[in-house]
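# predicted model and sequence below, questions to follow.
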Amino acid sequence: LGTRLRPLTEDTPKPMLKVGGKPVLETILERFLANGFYNFFISVNYRAGVIEDYFGDGRKHGANIQYLHEPEPLGTAGALSLLPERPGLPCLISNADVLTTLNYAGFLDFHHLNAAVATMGVREYAMQVPYGVIQTQGNRLTSIEEKPIRKDFVNGGVYALAPQAFEVMLSAVGRGKCLTMPDLFTLLMERDMNTAAYVINEYWLDIGRLEDLKRAEEEYAEVFA
């Protein structure tokens, strides 16, 4: 719904906001095409007609595009349950608001080499604590670290799923039920299935806030030229 980007998203779905003179989703599509992927399913709900009218069946982009119509937002994994048939090969999935120069073919190779049931693209995220951080043992103060920078890996919104992942999703949750990708990965980990993390070192930006959209516009020409 792109609520944090209103009023820009009142009439335009977030993936269709323009960066570099074209919709974000078009840049994502072009990146996949450049890596040799041509068959796509686009999951739509809010302002679905805007996306379908623009991309059509994909032929003008050199792609084959079909649409999954969510009657209500189902989450990224929940939308996958609407696929007309269970995939027989691994699939790549991307959020439609992530701009990245990730090598998708290399990402899929990593998924294969690790014999993973599911692979998540992750990004290092650094955040500075604005206070002095205190360490203690009981009542004894043992150290003070002034405004340290904490680094963690966060979900990058790009995934590879083997057919087994779809089997778990459908058996555990069913078709047309709301399910996020973190919830799907949790289901797989609870079953001790092999899940992998691929560190995205390439350019990556989530277009979730107005300041992110502005930054993307400023950087687009240099990154995607």
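Yep, it's here.

# nearest spatial neighbour of the residue most central in space within the chain, skipping sequence neighbours?
Nearest to the mean C-alpha position of the chain, by CA atoms, centre = their mean, lies G157 at 2.0 Å. Excluding its sequence neighbours, the residue lying closest to G157 (CB to CB, 6 or more residues apart in numbering) is N95, at 3.6 Å. Every C-beta, even on glycine, is put in place using the N, C-alpha and C of the backbone.

# show me the contacts for that neighbour.
T76, G157, V158, D206 (CB atoms under 8 Å, 6 or more residues apart in numbering).

# need phi/psi at it.
phi -60, psi 150 (degrees, to the nearest 10).

# which elements pack onto the longest helix belonging to the chain?
As assigned by DSSP state H, the longest helix anywhere in the chain is helix 210-224. When contacts are defined as 3 or more CB pairs under 8 Å, 6 or more residues apart in numbering; DSSP states H and E, helix 210-224 sits against strand 18-19, strand 98-100, strand 204-206.

# could you identify which of the ones you listed is most buried?
Among the helices and strands packed on helix 210-224, ranked by average contacts under mean count of other CB atoms under 10 Å, first place goes to strand 98-100 (a mean of 22).

# nearest to L1, of the helices and strands packed on helix 210-224?
strand 204-206 (15.2 Å; CB to CB).

# I'd say V158 and A96 touch.
No. With contact defined as CB atoms under 8 Å, V158 does not count as touching A96 (11.2 Å).
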